[in-house]
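S.K.: kindly return the folded structure for what I paste below:
(chains A and B)
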Number of protein chains: 2
Amino acid sequence: MATVEIETQLAPLRAAVKEFGDLVRDLKSKGAPKIDVDKAVVELKARKKRLEETEIALAPKEASFDRLKLEDLLKRRFFYDQSFAIYGGVTGLYDFGPMGCALKANMLHQWRKHFILEEGMLEVDCTSLTPEPVLKASGHVDRFADWMVKDTKNGECFRADHLIKNSIEKLLNEKKTSAAVRNDCEDVLARLEGFDDKDMHEVITRFNFKSPITGNDLTEPIAFNLMFPTQIGPTGDFKAFLRPETAQGIFVNFKRLLEFNQGKLPFAAAQIGLGFRNEISPRQGLIRVREFTMCEIEHFVDPDDKSCAKFADIADQKLVLFSACNQLDGAAAREVAIGEAVAKKTVANETLGYYMARCHQFLIKVGVDPRRLRFRQHLSNEMAHYAQDCWDAEILTSYGWIECVGNADRACYDLQQHFKATNVKLVAEKKLPQPVDVDIVEAQPNMALLGKSYKKDSRRIQAALQQLSSEDVTALEAELLSAKLYKLNVGPESFDLTPDHVKIKKYQKKVHVQELTPSVIEPSYGIGRIMYAVLEHSYRQRETEDQRIFLAIKPLVAPIKCSILPISANDTLVPVMEAIKKELALHELSYKVDDSSGSIGRRYARTDEIGIPFGITVDFDSLKTSPFTVTVRHAETMTQIRLDVPEVGRLVADLCAGRLQWSDAQAKFPAFESKSE
Amino acid sequence: MATVEIETQLAPLRAAVKEFGDLVRDLKSKGAPKIDVDKAVVELKARKKRLEETEIALAPKEASFDRLKLEDLLKRRFFYDQSFAIYGGVTGLYDFGPMGCALKANMLHQWRKHFILEEGMLEVDCTSLTPEPVLKASGHVDRFADWMVKDTKNGECFRADHLIKNSIEKLLNEKKTSAAVRNDCEDVLARLEGFDDKDMHEVITRFNFKSPITGNDLTEPIAFNLMFPTQIGPTGDFKAFLRPETAQGIFVNFKRLLEFNQGKLPFAAAQIGLGFRNEISPRQGLIRVREFTMCEIEHFVDPDDKSCAKFADIADQKLVLFSACNQLDGAAAREVAIGEAVAKKTVANETLGYYMARCHQFLIKVGVDPRRLRFRQHLSNEMAHYAQDCWDAEILTSYGWIECVGNADRACYDLQQHFKATNVKLVAEKKLPQPVDVDIVEAQPNMALLGKSYKKDSRRIQAALQQLSSEDVTALEAELLSAKLYKLNVGPESFDLTPDHVKIKKYQKKVHVQELTPSVIEPSYGIGRIMYAVLEHSYRQRETEDQRIFLAIKPLVAPIKCSILPISANDTLVPVMEAIKKELALHELSYKVDDSSGSIGRRYARTDEIGIPFGITVDFDSLKTSPFTVTVRHAETMTQIRLDVPEVGRLVADLCAGRLQWSDAQAKFPAFESKSE
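M.R.: Presented below is the predicted three-dimensional model:
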C-alpha cells in the first residue's frame, strides 16, 4: 500500500531500526552482558516506535473517521456505556446495552461455531474465583503486576508509565520548554515502553515530576498486582483472586479432559468466560478494561510432533506477517502464505500456523478490515521465558495497532508448574514404535515395621516412597548403605528410615508407552477489543449532503438483522406487518419495528445508525397482490428490491449467513426505486 | 395423583397445619403483638414441613432413581465436577466439562430465544464488580447475610442452622437418646427454618452443642454477609463486591433503557450472567454454589396498570399452584388455569401471571417433568417487605422441592432506593388523558447576590434550591418570612439564606404527563439448579437384564445431538462417514464419532449414558445403494429406522427442534431391526 514517496520518507527510520536490530543480534551472539543487551533493546524499541508512528501518520487515512462521532453514537444508541454512571461511574467498567449485547452474543456464537464446533474442541466452563495456590503456581501472584507511584502525602496512586507520559506531554506543550529539554522528553517518550522501575524512577527524579493532582512528591515505583483479591468462605484465611485469564481453569482440568478424549493427543479445550484485571488507571474505552470476556483455546500436543492434520487445508492462505526479523531489520510487514512461513521456520510449527490462519478467517468473518490486520511476532525479550513462539493478531484502530489475539506456543510450562505445586502428574502417554526394556529401581517399604515405627504416618511414608524418582531411590540406597539412615521428607516433616524399613528392588520392565508432558498452543481472544475494532471498521459516512454516519456491520454479526418499516400508520398495513413478523420468526431472525411517525428517510437513518443491514418496507402497493409484497433495502448501498413476503425470511437468512450476497439478491429480484431518500 | 389411602394418612397433618394457619390469620387480623405472630409462624412452618415431608415420603417413587449412580455418571463423563480438585478442591465451586457446558449453553440459548427474542426484551450485560454504594442502596450490604457460629478456640466457622441440623441428626442416630429428647429433636428440626439467631443460640446452649471437629465451645450466632468483597484500583479505599444477583445492573441502567425504548412503558430488560454468593458451608452439589449463572428479567410497568397485552395467549394454560391460602389451610397444591387464578386474585396481576405461564413453558421445554413442578406462593412473612406477590417455581428432586425460579412483583422499591442514593430521578412519564393545571412553587435564587455571598458555592446552592420539593419551598418561604433566615443544607454543609437571596415564585402550569416510578416484575432463573433438576428428571434405567442407566435429555437441549457409529473399522465405510458429517454440519448439528473397537451395543450404551438422543449407524448395507443409507436409532426407545443419508440432516434437525416426534419419523421411514442390542 505504501507509495514510493512514503517509503523514501521511511527509509532513514528503517535504517535506524536496523542499526540497533543488528546491534542487539550481535550482542546476543557474542554473549554480551545482560545490561548491555537491555540498553540496546530499549533504544531498538524507541526506534521501532518512531518508525511505526511515522508509518501510521503517513498512511492514507480511513475516509472521514471521527472517533468522537462514533463514541457519541455508541453511547446514544446504547451499544455500551460506563457502568454505574448514576453513581458517578467506575473507570474501566462498561455495561453493554441491547445493541452491544447482541453484537457480542453474535460474535461469541460465531466464535463457538468457528472453533469449538468446527474443530471438535472440548468446551469447559470454570469458575472465576480461583484459590491463591493455583495462581501462585501459574506465576501470577509473583509477576502479574504494573509499576505505580504514590503521592507521598495522601497516598493517591498513579501508574508510573502513564504519569511520566502525561507529565512529559505537559512539558512539551509548554512554550518555555527549551529545545534541549524537548529532545530529552521525546527520547523518554520513545523509550518509555522498555523502562523498568529504576529507569522510571530516574526520569521522575531528573525531571522532578510531582503528583499532577496535589503537586506532592512521589514514591519510588512499587509493583502493584493486577489481580482482584477476595476470600472464599467466612474465616478470612482462604485467599482467592478473580482469574486474570481463563486458561488456568483448563490446565487444572487437564486430566479429566485427556480422559474425556480417551487418553489421546492432540486435543484442544476451549473456554469462553470472564477475565478480571485491576488496572491502575484504565483509559481507552473498551481497549483496557477491568472485567472482560475472553475466548481461550489450549491445544495440547506432543512436544516432539507439532504437525497438524488439517494444515494442508489452510497452507495457501496468505497472512500479513510482521516477523521478529522484519522488526529488527526495520522492514515492513509482508504478506506470506502460512505454509511458506512454517516451511521457512518463520512460524515455529504447523499447529501454531494453523491457528493463525483460522484466527485470520474468524476476524475477517466478523468484520475486521483485512487491510488493517497483521500478525506481529514477539521479539525474544517480549516473550515469557518459557514461550517458544508468539504471534499477536494486531488490528489498526484510531488508538494505533492494538493486540486483540495472542497466539502463543507456551511449551509445557503451565502443566509442569501445576504438577510441581500439587504432585499430581499431568502427562499423556505415547505409544512407543516398539516396546523398550527399562531398568526399574523401586523403594519397597516393609509395611509391618513401618507401621510399628510410625503408626498412622506409615501410609504417607509409603506414598512418598512410591513417588521417588529413580535418581532419588539410587541416592536413598547409597545413603542407607553408608549411613544406615535416610531422612525422608514428607511435606514439611521428615522421617528416619533404616535399612529394615526399606528394601531396594531392581528389575527390568517392558515398556510400551512413554509418558510426556504435552506442549500447549494457546490462542487467546479479547472479545471486547475485537468488537471495538469491528465498530471502528464499520464506521461509514454517506456521501450525501447531510453526511449522515452509519455502521456497516456484517449481517452475520449485526445486532438486529432487519427493520420493519410501515410507510404509514394506516391500519390496513397491519396484516402485512404480521405476515412479515411470522416469516422472520420462522427463520429466527431478529428485527426491530419502527412505526414511529418520522419520515421514512429519517427512520432509515435511525436504523442504519445501529447497523441494521436490511430494511423491509411496507407500502400501499404491498396490499395489491396475494401474496403481499414488500421492498427490502440494503443499508450499505441504499438500493432496494421488491419481492413476495413468503420469500423474505429465507432471503434475509441467506444474506445474513453469507450464503448469498446482496448482488445475488439484486440479480434475482426486480429493483425498486424509492422516492424518499 | 394422591390416592385415597395416602390422603387419609395426610388428613391429620393437613388439619394440624390449618389449625395454625387459622391462628396466624386470626392473630394478624387482630393486630396481635409481633412476637406472638412470629411464634405462631414458626410452629406453622414446622407443621407445613412435616406435612410436606410425609407427602413426599408417601408419593409413588420415581422408578429406581439412584442419586449416587447419577452423580457417578455426571462426574465420570465430565458433565461437571468440583473445581480445583488437584489442589484439594473448593466446596461450592464447580467446573463444567464438555457435556455440562454444552447442556448449559443449549439451555441458555433456549432461554434467550424463549424470552429475549420472542418477547422483544432489551438484553444487557453489566459487570460483576459492583461498587459498595450500589449494594448499600439495594439493601445487600446490610441484610444479605446468614447466621454463623465460630469455634471459640480456633475460629472455625459453621453455618448455624446446618450445625444444629447435623448435631440433632447425630443425636437421633444414637441409640441411647431417650424418647423425650428424640421428640424435642424432631421438634427443633421441624422448626429450624423459622429460627432467628436467638432461637438458634437457645438450642445450641440447651443441647450443649460443640464444634463437630474439635469439640470446642461455639460463639453466639453472628451475621455473615454473603457477598464476596474486593477493591477496585490500587488505593484500597474503593470497596466493591461481586454482585449477588444481576438485577442491580439493570436498575442502574433504567434511564438508558427507558430512552432506548423511546420512553414507553411497559418494557422488559433481561440479563444472563454470573452471580456470586459466599456461602458459609455449601452442600448439595449444584443446588447451592458460590458462583452461578442466572437469567433475570426486570419488567417495568405502570404501577396502576399491570395488565398484559399478551395475557389472552396463555390465559387457559394450567399450572399447579400452591397458594399461600392452600399452604395455611394445609391443602394440597391445585392445578388451575392462570386466567382463573388472576381473575380470582390468587395471582396478583396479569403480568406476573403471564411470566409464570411462560416460565412453565420454558421449564417443560428444557426437560423438567411437569408432574414434579409447582408454583409456590410466598407467605407474607417470607416476602421482602416491599414485595407485593411472589411465586417460586419449585421442582421436586431427590433433595426435596427446590426453588429454581422466583417470580416476584417487587413494586417500585429498587428504583426508589437508587433514586434516594443518587438523587437521579428514575421515573417514566405517562400521558394524562387530558392536561391538568398544577400549582407550582419555586425558590428562585438571586444569582448576583448569591455569587457575592458564596462565590464558587453559589452554583451548588442554586442546584439544591432547584431540587427542593413544593413542601420544602413552602417551609422555606415560611421560615424566610418569620425568621428572615433559612439554613439550606447542601450535602454535609449548610448555607444561610436571607429573603434577598431567594424569591418565591408561584404560578400555574398546564401538565400533559405524569411522572411515575415503574413497578418491577422480576422473574429470576437459577440455571444450575434447573440443569440439575433436568438431569435428575432425565435419569432412566433400562428394563433389560443389565439395568444400564442412561439420560433421556430432550433433544432440544441435549449436549450432543447424535452419534456416528461405524459397525466396523473397515476403510470402505469412510465415504459414508464423510457424507454424514457433511450432512450434519450443513444443519449445524453437533455429533460425536465413536469408532472405537467396542461392540456396537457397548458403544450405544456409552452414547446413551451422556444423553445423545440419536445414533447414526453405518453398516455394510450402507454402501449398497446410491445415495448411501444409514440407520437412525432413538436412544430412549432403542428403535431404529433406515433412510438415505441426504435425508438424515433435516430429519435429526426437525427431531431436535421438536418439529417432528420420533413416532412421525417411524411413520415416514421403514423400521430397522438391530441384531446387536
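S.K.: leaving out chain neighbours, which residue sits closest to the residue in the stretch 201-350 of chain A positioned nearest to chain B?
M.R.: Distance from chain B to each residue of the stretch 201-350 of chain A (C-beta to the nearest C-beta) is smallest for residue A:234, at 4.2 Å. Quick note: C-beta positions are derived from backbone N, CA and C, even for glycine. Closest residue in space to residue A:234, ignoring its immediate chain neighbours: residue B:157 at 4.2 Å, by C-beta to C-beta, 6 or more residues apart in numbering or on different chains.
S.K.: how about the helices of the stretch 251-400 of chain A, start to end?
M.R.: Using DSSP state H, counting those that start in this stretch, the helices found in the stretch 251-400 of chain A span residues A:254-260, A:311-314, A:324-329, A:338-343, A:350-366.
S.K.: weakest of these in terms of mean pLDDT?
M.R.: Between those, the one with the least mean pLDDT is helix A:324-329; it has a mean of 91.
S.K.: what are the ranges of the strands in the stretch 51-200 of chain A?
M.R.: A:80-82, A:94-96, A:122-124, A:129-131, A:145-150, A:157-159 (DSSP state E, counting those that start in this stretch).
S.K.: quick one: closest of those to residue B:523.
M.R.: Among those, strand A:94-96 comes nearest to residue B:523, with 20.6 Å by C-beta to C-beta.
S.K.: can you show me the CA trace of stretch A:323-336 as PDB?
M.R.: Extracted C-alpha coordinates of stretch A:323-336, given in PDB (Å, rounded to 0.1, in the frame of the first residue of the first chain):
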ATOM      1  CA  SER A 323       8.200 -11.200  11.900                       C
ATOM      2  CA  ALA A 324      10.700 -10.500  14.600                       C
ATOM      3  CA  CYS A 325      13.300 -10.500  11.900                       C
ATOM      4  CA  ASN A 326      11.400  -7.800   9.900                       C
ATOM      5  CA  GLN A 327      11.100  -5.800  13.100                       C
ATOM      6  CA  LEU A 328      14.800  -5.900  13.800                       C
ATOM      7  CA  ASP A 329      15.500  -5.000  10.200                       C
ATOM      8  CA  GLY A 330      13.200  -2.000  10.200                       C
ATOM      9  CA  ALA A 331      11.400  -3.700   7.300                       C
ATOM     10  CA  ALA A 332       7.600  -3.600   6.700                       C
ATOM     11  CA  ALA A 333       5.200  -6.400   7.400                       C
ATOM     12  CA  ARG A 334       4.800  -8.800   4.500                       C
ATOM     13  CA  GLU A 335       2.000 -10.900   3.100                       C
ATOM     14  CA  VAL A 336       3.100 -14.600   3.100                       C
END
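S.K.: closest to residue B:474 out of the strands of the stretch 51-200 of chain A?
M.R.: Using C-beta to C-beta, the strands of the stretch 51-200 of chain A put strand A:80-82 closest to residue B:474, at 38.1 Å.
S.K.: can you list the residues of the stretch 151-300 of chain A near chain B?
M.R.: A:155-157, A:224, A:228-235, A:242, A:249, A:252-253, A:255-257, A:259-260, A:262, A:274, A:276, A:278, A:280-281, A:290-291 (C-beta under 8 Å from any C-beta of the partner chain).
S.K.: mind putting the strands of the stretch 51-200 of chain A in CSV, mean neighbour count and mean pLDDT included?
M.R.: What follows is these, written out as CSV (neighbours: other C-beta atoms under 10 Å in any protein chain shown; pLDDT from 0 to 100):
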stretch, mean neighbour count, mean pLDDT
strand A:80-82, 19, 96
strand A:94-96, 25, 97
strand A:122-124, 24, 96
strand A:129-131, 25, 97
strand A:145-150, 21, 92
strand A:157-159, 22, 90
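S.K.: what bridges to the residue nearest to residue A:234?
M.R.: residue B:150 (DSSP bridges).
S.K.: among the residues of the stretch 151-300 of chain A next to chain B, name the buried ones.
M.R.: A:156-157, A:224, A:228, A:230-234, A:242, A:249, A:252-253, A:255-257, A:260, A:274, A:276, A:278, A:280-281, A:290-291 (16 or more other C-beta atoms under 10 Å in any protein chain shown).
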